[in-house]
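A.B. asks: Could you look at this predicted model? Sequence included:
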Amino acid sequence: MSTSSHRTRRRLGLWALTVTHAANDFYTGAVAALLPFFVLQADYSYAAIAGITLAATALSSVAQPVFGYLSDRYGMRWMSLAGLLAAGTGIALSGIVADSYAAVWIVMAVSGIGVAAYHPAATVEARELGGGTSGSMSLFSVGGNFGVALAPSAVILVIGTFGLSGTGFLIIPALVLGLVFAMVSGKHLFSRTAPTERASATSRPSVPDDWKAFLWLTVVLATWSVAYVGTSTFIALYSIERFSVSTGFASIALSLFPAAGAAGTLAGGWLADRFGRLRIIRTGYLLAAVSTIAIVLAPSPTVVIVATAVLGASLFLPFAVQITLSHSYLPNRIGVASGVTLGLTLSFGGLVSPLLGSVADQSSVQTVFLILAGLLVAGFALSFVLKERRSTPAENAERPDPAVELERANG
């Protein structure tokens, strides 16, 4: 294969993964967008809808690192497609079985497991195709932001037209984009060769995994997770409770949150490649804490919308950066690092969500955002324990990825 064809294949593959990431995370956004409708149309309590969030994330907390291990060991690229289809199926069934809370909990759990199966294999593939840079990881990550951002509008359109039972139409993105992904990937999708087995001896990591540093990063990410899940779960309900706005108006903030996050993700990857990852991580957490406080003190729903947009951009500023940092800490366990970074820590927010729901029931949703602000301040403080590590071949400028350098030399 010529250098030009190889470069084109890599770019096409990265874009295909980005599109499927949008479809996969569309279903994560759909969970949050459906919650007000379960409250208004199915009479669920705040604690009950927080339990739905738990259902969509609890099993993922265990499953994603497992899927990451399987990705490291066996490759199993097909997990991306299977996970996408499972995520879509769970959401599609949720409104149809809304009369049974137990059934809703189960299908939401299925969707969460699907999301868990998708991320590790897709992230490993994106890292290979993008050369391990924060910029390429940002491109892949931003697909997820766009998917989450599109979910509220799609949910409102579907539920507004057909009611909760219309969630079956929400499986369309999984079916259409899953088919596109399968066509682009071809037989490569079902390759059983693990990435670490395909790599040449010169491109394999020659440094040990730093589990202590990875543990500290996981703790920092736990604060990010609670802030993200808490905002996604309660921002629309906050506007409704405090300012008595309509569901449609309240969903504006829910849509802007991940949309602004997309801009923050792209900016964070670009800035990190130029100014360093730790600076971007700390800046993101500090700005996110300030934005959350602004939501608490907002005098009008319009200010809530603006503050939520700023929160989305600042919270996602370090998102892709934290993924590449986790890869540098565990260069021999890229799939596991991806599974924990994208799964276990994100799912931690889902585990805490019922507690936040109880706080909202007993006090107010405004109190929930005070708690989130405090956690983000803690994340900012803990980020100073993190250290930079540029000892993996894909990151170290003195030991570049051979395929990337070949492309540059011939490009």
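C.D. replies: Nice, thanks for sending it over.

A.B. asks: Could you pull out the buried residues of the helix or strand containing Val296?
C.D. replies: Using DSSP states H and E, the element containing Val296 is helix 277-297. Within helix 277-297, the residues that qualify as buried are 277-296, counting by 16 or more other Cβ atoms under 10 Å. Every C-beta, even on glycine, is put in place using the N, C-alpha and C of the backbone.

A.B. asks: how far out from the middle of the chain is that helix?
C.D. replies: Relative to the centre of its chain, helix 277-297 is centred 18 Å away, using Cα atoms, centre = their mean, to the nearest Å.

A.B. asks: Which elements pack onto that helix?
C.D. replies: Where contact means 3 or more Cβ pairs under 8 Å, 6 or more residues apart in numbering; DSSP states H and E, helix 277-297 is packed against helix 211-243, helix 247-275, helix 301-316, helix 319-329, helix 365-382.

A.B. asks: what is the mean pLDDT for the third one?
C.D. replies: It stands for helix 301-316. Helix 301-316 carries an average pLDDT of 96.

A.B. asks: distance between that helix and the chain's centre?
C.D. replies: Mean C-alpha position of helix 301-316 versus that of the full chain (Cα atoms, centre = their mean) differs by 18 Å.

A.B. asks: any idea of the angle that helix forms with helix 211-243?
C.D. replies: Helix 301-316 and helix 211-243 meet at an angle of 170 degrees, taking axes from the mean of the first three to the mean of the last three Cα atoms, to 10 degrees as the criterion.

A.B. asks: what's helix 301-316 packed up against?
C.D. replies: If contacts are counted by 3+ Cβ pairs under 8 Å, 6+ apart, helix 301-316 sits against helix 211-243, helix 247-275, helix 277-297.

A.B. asks: can you list those in CSV and add mean pLDDT and distance to Thr324?
C.D. replies: Shown next, in CSV, are the helices and strands packed on helix 301-316 (pLDDT from 0 to 100; distance: least, Cβ to Cβ, whole Å):
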stretch, mean pLDDT, distance to Thr324
helix 211-243, 93, 11
helix 247-275, 88, 8
helix 277-297, 97, 7
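
A.B. asks: Please produce TSV containing these, extended by distance to Val31.
C.D. replies: As requested, the helices and strands packed on helix 301-316 are exported to TSV (distance: least, Cβ to Cβ, whole Å):
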stretch	distance to Val31
helix 211-243	8
helix 247-275	11
helix 277-297	21
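
A.B. asks: Select, out of those, the one closest to Leu84.
C.D. replies: Between Leu84 and the helices and strands packed on helix 301-316, the shortest gap by Cβ to Cβ is with helix 247-275, which sits at 17.8 Å.

A.B. asks: quick one: contacts for Ser94?
C.D. replies: Contact partners of Ser94, counting by Cβ atoms under 8 Å, 6 or more residues apart in numbering, are 34, 104, 107-108, 111, 167.

A.B. asks: err, Val180, not the other one
C.D. replies: 16, 19.

A.B. asks: What separation is there between it and Leu84?
C.D. replies: 11 Å (Cβ to Cβ, to the nearest Å).

A.B. asks: Okay, now the unreliable bits of the stretch 101-250 of the chain?
C.D. replies: Applying pLDDT under 70 to the stretch 101-250 of the chain flags residues 132, 186-206.

A.B. asks: If we use 80, what do you get?
C.D. replies: Across the stretch 101-250 of the chain, residues meeting the criterion (pLDDT under 80) sit at 128-135, 145, 149, 184-206.

A.B. asks: can you map out the strands along it?
C.D. replies: Using DSSP state E, counting those that start in this stretch, no strands are found in the stretch 101-250 of the chain.

A.B. asks: in it, which spans are helices?
C.D. replies: For the stretch 101-250 of the chain, helices defined by DSSP state H, counting those that start in this stretch occupy the ranges 101-130, 134-162, 172-185, 195-198, 211-243, 247-275.

A.B. asks: how about the CA coordinates for stretch 250-260, as PDB?
C.D. replies: Output in PDB follows, covering the C-alpha atoms of stretch 250-260 (Å, rounded to 0.1, in the frame of the first residue of the first chain):
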ATOM      1  CA  ALA A 250     -34.800  23.900  30.100                       C
ATOM      2  CA  SER A 251     -33.400  21.500  27.500                       C
ATOM      3  CA  ILE A 252     -31.500  24.400  25.900                       C
ATOM      4  CA  ALA A 253     -28.900  24.200  28.700                       C
ATOM      5  CA  LEU A 254     -28.800  20.400  28.400                       C
ATOM      6  CA  SER A 255     -28.000  20.800  24.600                       C
ATOM      7  CA  LEU A 256     -25.500  23.500  25.000                       C
ATOM      8  CA  PHE A 257     -23.600  21.700  27.800                       C
ATOM      9  CA  PRO A 258     -22.100  19.000  25.500                       C
ATOM     10  CA  ALA A 259     -22.100  21.300  22.400                       C
ATOM     11  CA  ALA A 260     -19.800  23.700  24.300                       C
END
